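Student: I'd like to go over a predicted model; first the sequence, then the structure.
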Amino acid sequence: MLEDAALGALGSLAESAMDEFWPFYGIVMPYLKFTVVTAKADSDYLLVANSLKCIAVIAVVVGKSMFYADVDDVVRDLILLQESNSGNDGTVRGYLLQAWGGVCRSLGVDFLAYLSVSVPQLIQSAKRIDYLTDDVDSDDKRRSIILKEKFLACNTIGCFAAHINRGLHMWIKEVVDAVLPLINFKLDERVRIAVATGNLSFGVSLSWIVSSILINSSKDVYTDTQIHTQAHTNIYWNIAI
(Lines give C-alpha, C1' and ligand atoms only; values in the text may rest on other atoms or scores of the structure.)
Protein backbone atom coordinates (compact mmCIF):
# COMPACT_ATOMS: atom_id res chain seq x y z
CA MET A 1 0.00 0.00 0.00
CA LEU A 2 2.82 2.40 0.92
CA GLU A 3 4.67 1.63 -2.30
CA ASP A 4 1.54 2.22 -4.37
CA ALA A 5 1.03 5.60 -2.71
CA ALA A 6 4.68 6.52 -3.28
CA LEU A 7 4.42 5.62 -6.97
CA GLY A 8 1.32 7.75 -7.35
CA ALA A 9 3.04 10.66 -5.65
CA LEU A 10 6.12 10.28 -7.83
CA GLY A 11 4.06 10.30 -11.00
CA SER A 12 2.16 13.40 -9.86
CA LEU A 13 5.43 15.13 -8.95
CA ALA A 14 6.87 14.41 -12.39
CA GLU A 15 3.76 15.76 -14.11
CA SER A 16 3.89 18.92 -12.00
CA ALA A 17 7.61 19.51 -12.42
CA MET A 18 7.66 18.82 -16.18
CA ASP A 19 11.04 19.98 -17.62
CA GLU A 20 12.48 20.42 -14.16
CA PHE A 21 12.11 16.68 -13.61
CA TRP A 22 14.51 15.79 -16.42
CA PRO A 23 17.72 15.87 -14.29
CA PHE A 24 16.20 13.27 -11.96
CA TYR A 25 15.29 10.75 -14.66
CA GLY A 26 18.61 8.91 -14.38
CA ILE A 27 18.08 8.52 -10.62
CA VAL A 28 14.42 7.56 -10.63
CA MET A 29 14.19 5.18 -13.59
CA PRO A 30 16.68 2.56 -12.30
CA TYR A 31 14.77 2.48 -9.01
CA LEU A 32 11.45 1.98 -10.80
CA LYS A 33 12.85 -0.77 -13.00
CA PHE A 34 14.28 -2.49 -9.93
CA THR A 35 10.85 -2.25 -8.28
CA VAL A 36 9.37 -4.02 -11.31
CA VAL A 37 11.98 -6.77 -11.09
CA THR A 38 11.45 -7.42 -7.38
CA ALA A 39 7.65 -7.24 -7.72
CA LYS A 40 7.77 -9.81 -10.52
CA ALA A 41 9.86 -12.08 -8.32
CA ASP A 42 7.20 -11.81 -5.62
CA SER A 43 4.36 -12.25 -8.16
CA ASP A 44 3.01 -8.91 -6.98
CA TYR A 45 1.32 -8.06 -10.27
CA LEU A 46 -0.48 -5.03 -8.90
CA LEU A 47 2.81 -3.43 -7.89
CA VAL A 48 4.32 -4.36 -11.26
CA ALA A 49 1.43 -2.69 -13.06
CA ASN A 50 1.49 0.41 -10.89
CA SER A 51 5.25 0.74 -11.34
CA LEU A 52 4.91 0.48 -15.11
CA LYS A 53 2.14 3.06 -15.07
CA CYS A 54 4.44 5.41 -13.11
CA ILE A 55 7.25 4.77 -15.59
CA ALA A 56 4.90 5.64 -18.45
CA VAL A 57 3.86 8.90 -16.76
CA ILE A 58 7.51 9.87 -16.43
CA ALA A 59 8.17 8.82 -20.03
CA VAL A 60 5.57 11.33 -21.19
CA VAL A 61 7.18 14.06 -19.07
CA VAL A 62 10.77 13.52 -20.25
CA GLY A 63 9.93 12.70 -23.86
CA LYS A 64 11.04 10.14 -26.38
CA SER A 65 14.71 11.07 -26.62
CA MET A 66 15.36 10.48 -22.93
CA PHE A 67 13.03 7.49 -22.57
CA TYR A 68 14.14 5.64 -25.69
CA ALA A 69 16.96 3.71 -24.03
CA ASP A 70 14.48 2.11 -21.62
CA VAL A 71 11.62 1.44 -24.06
CA ASP A 72 12.48 -2.17 -24.86
CA ASP A 73 12.70 -3.17 -21.19
CA VAL A 74 9.43 -1.44 -20.35
CA VAL A 75 7.56 -2.94 -23.31
CA ARG A 76 8.93 -6.37 -22.46
CA ASP A 77 7.56 -6.03 -18.93
CA LEU A 78 4.20 -4.82 -20.23
CA ILE A 79 3.94 -7.86 -22.48
CA LEU A 80 4.91 -10.20 -19.64
CA LEU A 81 2.29 -8.57 -17.43
CA GLN A 82 -0.35 -9.11 -20.12
CA GLU A 83 0.55 -12.76 -20.31
CA SER A 84 0.81 -13.27 -16.55
CA ASN A 85 -1.60 -14.79 -14.08
CA SER A 86 -3.08 -11.35 -13.47
CA GLY A 87 -5.54 -11.90 -16.31
CA ASN A 88 -8.57 -11.85 -14.04
CA ASP A 89 -7.60 -8.72 -12.15
CA GLY A 90 -9.27 -5.69 -13.70
CA THR A 91 -7.31 -3.28 -11.51
CA VAL A 92 -4.02 -4.63 -12.86
CA ARG A 93 -5.31 -4.39 -16.42
CA GLY A 94 -6.43 -0.82 -15.76
CA TYR A 95 -2.87 0.16 -14.84
CA LEU A 96 -1.60 -1.80 -17.83
CA LEU A 97 -3.86 0.08 -20.26
CA GLN A 98 -2.77 3.42 -18.83
CA ALA A 99 0.88 2.39 -19.14
CA TRP A 100 0.42 1.49 -22.82
CA GLY A 101 -1.18 4.88 -23.35
CA GLY A 102 1.71 6.68 -21.67
CA VAL A 103 4.33 4.85 -23.71
CA CYS A 104 2.40 5.74 -26.87
CA ARG A 105 2.24 9.41 -25.88
CA SER A 106 5.98 9.44 -25.27
CA LEU A 107 6.99 7.67 -28.50
CA GLY A 108 4.43 9.12 -30.89
CA VAL A 109 4.58 7.51 -34.33
CA ASP A 110 7.47 5.30 -33.18
CA PHE A 111 4.89 3.39 -31.13
CA LEU A 112 3.67 1.79 -34.37
CA ALA A 113 6.10 -1.06 -33.77
CA TYR A 114 4.21 -2.04 -30.62
CA LEU A 115 0.63 -1.93 -31.91
CA SER A 116 0.52 -5.67 -32.54
CA VAL A 117 1.19 -6.42 -28.86
CA SER A 118 -0.93 -3.67 -27.33
CA VAL A 119 -4.07 -3.24 -29.44
CA PRO A 120 -5.42 -6.78 -28.87
CA GLN A 121 -5.50 -6.11 -25.11
CA LEU A 122 -7.34 -2.83 -25.64
CA ILE A 123 -9.94 -4.52 -27.80
CA GLN A 124 -10.36 -7.37 -25.33
CA SER A 125 -10.87 -4.93 -22.45
CA ALA A 126 -13.27 -2.72 -24.42
CA LYS A 127 -15.39 -5.75 -25.33
CA ARG A 128 -15.71 -7.17 -21.82
CA ILE A 129 -19.29 -8.20 -21.06
CA ASP A 130 -18.77 -10.21 -17.88
CA TYR A 131 -20.20 -7.31 -15.87
CA LEU A 132 -23.55 -8.82 -16.90
CA THR A 133 -23.03 -12.12 -15.09
CA ASP A 134 -24.97 -12.86 -11.91
CA ASP A 135 -21.94 -13.08 -9.64
CA VAL A 136 -20.62 -9.71 -10.84
CA ASP A 137 -24.06 -8.09 -10.71
CA SER A 138 -24.15 -8.74 -6.98
CA ASP A 139 -20.63 -7.38 -6.46
CA ASP A 140 -20.64 -3.60 -6.99
CA LYS A 141 -16.88 -3.23 -6.51
CA ARG A 142 -16.02 -5.86 -9.11
CA ARG A 143 -18.54 -4.44 -11.55
CA SER A 144 -17.10 -0.97 -11.07
CA ILE A 145 -13.60 -2.27 -11.83
CA ILE A 146 -14.76 -3.92 -15.05
CA LEU A 147 -16.58 -0.80 -16.23
CA LYS A 148 -13.52 1.32 -15.45
CA GLU A 149 -11.42 -1.08 -17.50
CA LYS A 150 -13.78 -0.63 -20.47
CA PHE A 151 -13.50 3.14 -20.11
CA LEU A 152 -9.70 3.03 -19.92
CA ALA A 153 -9.55 0.78 -22.98
CA CYS A 154 -11.64 3.24 -25.02
CA ASN A 155 -9.60 6.14 -23.66
CA THR A 156 -6.33 4.47 -24.63
CA ILE A 157 -7.62 3.68 -28.12
CA GLY A 158 -8.26 7.41 -28.41
CA CYS A 159 -4.71 8.08 -27.27
CA PHE A 160 -3.32 5.73 -29.90
CA ALA A 161 -5.43 7.36 -32.61
CA ALA A 162 -4.22 10.82 -31.62
CA HIS A 163 -0.52 10.14 -31.26
CA ILE A 164 0.24 7.77 -34.11
CA ASN A 165 -1.87 9.58 -36.69
CA ARG A 166 -3.56 7.01 -38.92
CA GLY A 167 -1.41 4.15 -37.70
CA LEU A 168 -4.48 2.30 -36.46
CA HIS A 169 -5.76 1.76 -40.00
CA MET A 170 -4.61 -1.86 -39.95
CA TRP A 171 -6.81 -2.41 -36.89
CA ILE A 172 -9.75 -0.27 -37.92
CA LYS A 173 -12.24 -3.13 -38.30
CA GLU A 174 -11.38 -4.61 -34.90
CA VAL A 175 -11.44 -1.19 -33.22
CA VAL A 176 -14.80 -0.24 -34.72
CA ASP A 177 -16.26 -3.64 -33.82
CA ALA A 178 -15.16 -3.02 -30.23
CA VAL A 179 -16.33 0.58 -29.82
CA LEU A 180 -19.41 0.66 -32.04
CA PRO A 181 -21.71 -1.05 -29.52
CA LEU A 182 -20.53 1.35 -26.81
CA ILE A 183 -21.67 4.60 -28.42
CA ASN A 184 -24.87 4.36 -26.41
CA PHE A 185 -23.47 2.37 -23.46
CA LYS A 186 -25.95 3.01 -20.67
CA LEU A 187 -24.05 1.75 -17.64
CA ASP A 188 -21.18 4.23 -17.61
CA GLU A 189 -21.17 7.72 -19.09
CA ARG A 190 -17.39 7.75 -19.18
CA VAL A 191 -17.41 4.92 -21.71
CA ARG A 192 -19.84 6.76 -24.01
CA ILE A 193 -17.84 9.96 -23.86
CA ALA A 194 -14.53 8.16 -24.47
CA VAL A 195 -15.98 6.50 -27.55
CA ALA A 196 -17.61 9.66 -28.88
CA THR A 197 -14.72 12.05 -28.37
CA GLY A 198 -11.63 9.91 -28.21
CA ASN A 199 -9.45 11.11 -25.39
CA LEU A 200 -10.56 14.49 -24.04
CA SER A 201 -7.62 14.65 -21.66
CA PHE A 202 -5.47 15.25 -24.75
CA GLY A 203 -8.02 17.56 -26.38
CA VAL A 204 -8.37 15.38 -29.51
CA SER A 205 -11.12 13.47 -31.22
CA LEU A 206 -11.66 10.01 -32.59
CA SER A 207 -14.01 11.42 -35.19
CA TRP A 208 -12.40 9.38 -37.94
CA ILE A 209 -13.61 6.27 -36.11
CA VAL A 210 -16.97 7.31 -34.75
CA SER A 211 -18.36 9.81 -37.26
CA SER A 212 -20.14 7.06 -39.14
CA ILE A 213 -21.48 5.73 -35.84
CA LEU A 214 -23.03 9.08 -34.96
CA ILE A 215 -24.45 9.60 -38.43
CA ASN A 216 -26.13 6.21 -38.42
CA SER A 217 -27.35 6.38 -34.83
CA SER A 218 -30.94 7.26 -34.00
CA LYS A 219 -31.76 10.92 -33.45
CA ASP A 220 -32.17 10.39 -29.71
CA VAL A 221 -28.82 8.64 -29.37
CA TYR A 222 -27.09 11.30 -31.48
CA THR A 223 -28.62 14.13 -29.49
CA ASP A 224 -27.73 12.51 -26.16
CA THR A 225 -24.15 11.97 -27.27
CA GLN A 226 -23.86 15.53 -28.58
CA ILE A 227 -25.10 16.99 -25.30
CA HIS A 228 -22.69 14.98 -23.13
CA THR A 229 -19.79 15.44 -25.54
CA GLN A 230 -20.26 19.21 -25.71
CA ALA A 231 -20.51 19.43 -21.92
CA HIS A 232 -17.28 17.50 -21.41
CA THR A 233 -15.57 19.45 -24.21
CA ASN A 234 -16.51 22.71 -22.48
CA ILE A 235 -15.17 21.38 -19.19
CA TYR A 236 -11.91 20.34 -20.86
CA TRP A 237 -11.31 23.69 -22.51
CA ASN A 238 -12.23 25.63 -19.38
CA ILE A 239 -9.64 23.65 -17.46
CA ALA A 240 -7.06 23.94 -20.25
CA ILE A 241 -7.52 27.69 -20.46
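Tutor: Yes, it's here.
Student: in the chain, which spans are strands?
Tutor: In order along the chain, the chain carries no strands (DSSP state E).
Student: what segments of it are helices?
Tutor: With DSSP state H as the criterion, the chain has helices at 2-17, 25-41, 45-62, 64-67, 71-82, 90-107, 115-126, 134-137, 140-163, 172-179, 189-197, 207-216, 219-240.
Student: turn those into JSON lines, including mean pLDDT and mean neighbour count.
Tutor: In this view, the C-beta of every residue, glycine as well, is placed from N, C-alpha and C. Output for the helices of the chain, formatted as JSON lines (pLDDT from 0 to 100; neighbours: other Cβ atoms under 10 Å):
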{"stretch": "helix 2-17", "mean pLDDT": "90", "mean neighbour count": "14"}
{"stretch": "helix 25-41", "mean pLDDT": "93", "mean neighbour count": "15"}
{"stretch": "helix 45-62", "mean pLDDT": "94", "mean neighbour count": "24"}
{"stretch": "helix 64-67", "mean pLDDT": "95", "mean neighbour count": "16"}
{"stretch": "helix 71-82", "mean pLDDT": "94", "mean neighbour count": "17"}
{"stretch": "helix 90-107", "mean pLDDT": "93", "mean neighbour count": "25"}
{"stretch": "helix 115-126", "mean pLDDT": "92", "mean neighbour count": "19"}
{"stretch": "helix 134-137", "mean pLDDT": "56", "mean neighbour count": "11"}
{"stretch": "helix 140-163", "mean pLDDT": "87", "mean neighbour count": "22"}
{"stretch": "helix 172-179", "mean pLDDT": "82", "mean neighbour count": "17"}
{"stretch": "helix 189-197", "mean pLDDT": "76", "mean neighbour count": "23"}
{"stretch": "helix 207-216", "mean pLDDT": "47", "mean neighbour count": "15"}
{"stretch": "helix 219-240", "mean pLDDT": "40", "mean neighbour count": "13"}
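Student: name all residues that make contact with the nearest residue to Asp110 once chain neighbours are set aside.
Tutor: Distances taken as Cβ to Cβ, 6 or more residues apart in numbering put Lys64 closest to Asp110, at 6.6 Å, once the chain neighbours are dropped. Shown in contact with Lys64 (Cβ atoms under 8 Å, 6 or more residues apart in numbering): Ser106, Leu107, Gly108, Asp110.
Student: any chance of these in a markdown table, with distance to Ala6 too?
Tutor: Formatted as a markdown table, the contacts of Lys64 follow (distance: Cβ to Cβ, whole Å):
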| residue | distance to Ala6 |
| --- | --- |
| Ser106 | 22 |
| Leu107 | 26 |
| Gly108 | 29 |
| Asp110 | 30 |
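Student: closest to Leu97 among those?
Tutor: Ser106 (15.3 Å; Cβ to Cβ).
Student: if I look at the nearest residue to the closest one once chain neighbours are set aside, how far off is Ser84?
Tutor: Nearest-residue entry for Ser106: Ala59, 3.9 Å, with adjacent residues in sequence omitted and distances by Cβ to Cβ, 6+ apart. Separation of Ala59 from Ser84 (Cβ to Cβ, to the nearest Å): 21 Å.
Student: before we move on, what about Arg76?
Tutor: Distance, Arg76 to Ser84, by Cβ to Cβ: 12 Å.
Student: next: Asp177.
Tutor: Remark: distance between Asp177 and Ser84 (Cβ to Cβ) = 26 Å.
Student: Leu180 too?
Tutor: In terms of Cβ to Cβ, Leu180 sits 30 Å off from Ser84.
Student: and what of Val195?
Tutor: Counting by Cβ to Cβ, the gap from Val195 to Ser84 is 28 Å.
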